[in-house]
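Engineer: Provided below are the primary sequence and the corresponding predicted coordinates.
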Amino acid sequence: MRLEVDNLGVSLRSDQMLGRARTVHAVKRVSFSIDTGEAVGLVGESGSGKSTIARVIMGVVPASTGEIRFRQEGHGPGQPKTSRAKLAQMIFQDAAASLNPRLKVSSALNQVIALHHPKLSAREREAMGLRLLRRVALDENISDRFPRELSGGQAQRVAIARALIPEPSLLVCDEPVSALDVSVQAGILRLLDDLRRNSGTALLMISHDLAAVRALCDRIIVLKEGEIVEAGPAGSICSSPTHAYTKALVDAVAQL
Ligand SMILES: Nc1ncnc2c1ncn2[C@@H]1O[C@H](COP(=O)(O)OP(=O)(O)OP(=O)(O)O)[C@@H](O)[C@H]1O
Ligand SMILES: [Mg+2]
């Protein structure tokens, strides 16, 4: 499944406490595509519109201009006849907050499995939940825990397991490791890379961290104030950045 973002513009109205509402042009004339199983990085400073693009792809914020299309390769134009959940799933920075605090991991997974695989029996749902935990390299006994009993890295792995249930073509990861200890970050990034390589799930990796994006992505898109200022193969963006902001990002990595 190919994602096409075509001339996307997003205007948001911010209701200010005092005074009039203001319109923010959060995204302007943004076009890019992600092929089946491809990993694309979206970097840019805070407020540059990264999360807004993610929300439009997920269908929770409407495009003001332009459009988002998912297209089955080898098929003509038109949205494929499949549920939105199977097109794209999102991974958030705050994994613990994305899990219901009152549900054990087993129940959280089971609920979503029942929704997307209604023909499975209770026993089959349970088996699928355990299989997913193994897929994200968690011990099966995690299924008996509440979110508050998980480490940040474990919670993110559970969130990834849950996102895999509808077998999405694309995982949109918005700063998936920014809240985690450095020692845990690499493991989560390896897991996402492994899912792409072995399950063919395309990735949109949103991050301020050029090093993380370079490690995972084929191509990188650099956003500034809602516009694409640079885009290309990860290697050439990192070795010869042309835009001042990209150079600053590369320098920040070099100094580590
Ligand atoms: N719900 C909203 N209402 C009004 N303006 C918004 C809303 N959400 C975001 N914005 C504005 O849109 C612009 C883009 O925000 P966005 O959250 O997409 O940036 P970002 O690149 O994800 O930043 P960060 O790296 O800090 O997460 C910003 O100017 C922001 O203030
Ligand atoms: Mg953001």
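Structural biologist: Looks like it arrived, so ask away. Ligands and ions are numbered 1, 2, ... in the order given.
Engineer: so how far is the first residue of stretch 229-241 from its last?
Structural biologist: 11 Å (CA to CA, to the nearest Å).
Engineer: So that stretch, near ligand 1 or not?
Structural biologist: No. Judged by CB under 6 Å from any ligand atom, stretch 229-241 and ligand 1 are separated, with a smallest distance of 13.1 Å. Just so you know, the C-beta spots here come from the backbone N, C-alpha and C atoms, and that holds for glycine as well.
Engineer: what does that stretch rub up against?
Structural biologist: 32, 41, 210, 213-214, 217-223, 242-243, 245-247, 249-250, 253 (CB atoms under 8 Å, 6 or more residues apart in numbering).
Engineer: cool, and stretch 176-188?
Structural biologist: So stretch 176-188 is contacted by 91-95, 137, 151-153, 156-157, 160, 189, 192, 205, 207-209, 212 (CB under 8 Å, 6+ apart).
Engineer: Off-centre distance for that stretch?
Structural biologist: Stretch 176-188 sits 15 Å away from the centroid of its parent chain (CA atoms, centre = their mean, to the nearest Å).
Engineer: swap in stretch 2-19?
Structural biologist: 18 Å.
Engineer: start at 431 instead
Structural biologist: Will do, 431 is the new start, and the previous item becomes stretch 432-449.
Engineer: Give the phi and psi angles for the nearest residue to residue 496 once chain neighbours are set aside, as a check.
Structural biologist: Excluding the flanking residues, the one nearest residue 496 by CB to CB, 6 or more residues apart in numbering is residue 437, at 3.6 Å. Here is the backbone geometry of residue 437 (degrees, to the nearest 10): phi 50, psi 40.
Engineer: need the residues of the stretch 481-630 of the chain near ligand 1, please.
Structural biologist: Within the stretch 481-630 of the chain, the residues that sit near ligand 1 (CB under 6 Å from any ligand atom) are 481, 482.
Engineer: Out of the contacts of stretch 606-618, list just those in helices.
Structural biologist: If you go by DSSP state H, these have 582, 583, 586, 587, 590, 619, 622, 642 in helices.
Engineer: Narrow the contacts of stretch 659-671 to those in strands?
Structural biologist: If you go by DSSP state E, those have 462, 471, 649, 650, 651, 652, 653 in strands.
Engineer: what's the most distant pair in the residues you listed?
Structural biologist: 649 and 653 (13.4 Å; CB to CB).
Engineer: between those two, who's got more neighbours?
Structural biologist: Counting neighbours by other CB atoms under 10 Å for residue 649 and for residue 653 shows that residue 653 has the greater number, 25 against 21.
Engineer: how close does residue 561 get to ligand 1?
Structural biologist: Taking CB to the nearest ligand atom, to the nearest Å as the measure, residue 561 and ligand 1 are separated by 33 Å.
Engineer: and that residue, how many neighbours?
Structural biologist: 11.
Engineer: Before we move on, what's the pLDDT of it?
Structural biologist: Note for residue 561: predicted pLDDT of 97.
Engineer: Would it be right to say that it lies in a helix?
Structural biologist: Yes. Under DSSP: H, G, I helix; E, B strand; the rest coil, residue 561 sits within a helix.
Engineer: contacting residues for it?
Structural biologist: Residues counted as contacts of residue 561 (CB under 8 Å, 6+ apart): none.
Engineer: PyMOL command for the buried members of the contacts of stretch 659-671?
Structural biologist: Applied in PyMOL, the following selects the buried portion of the contacts of stretch 659-671 according to 16 or more other CB atoms under 10 Å:
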select buried, resi 462+471+640+643+644+647+648+649+650+651+652+653+675+676+679+680
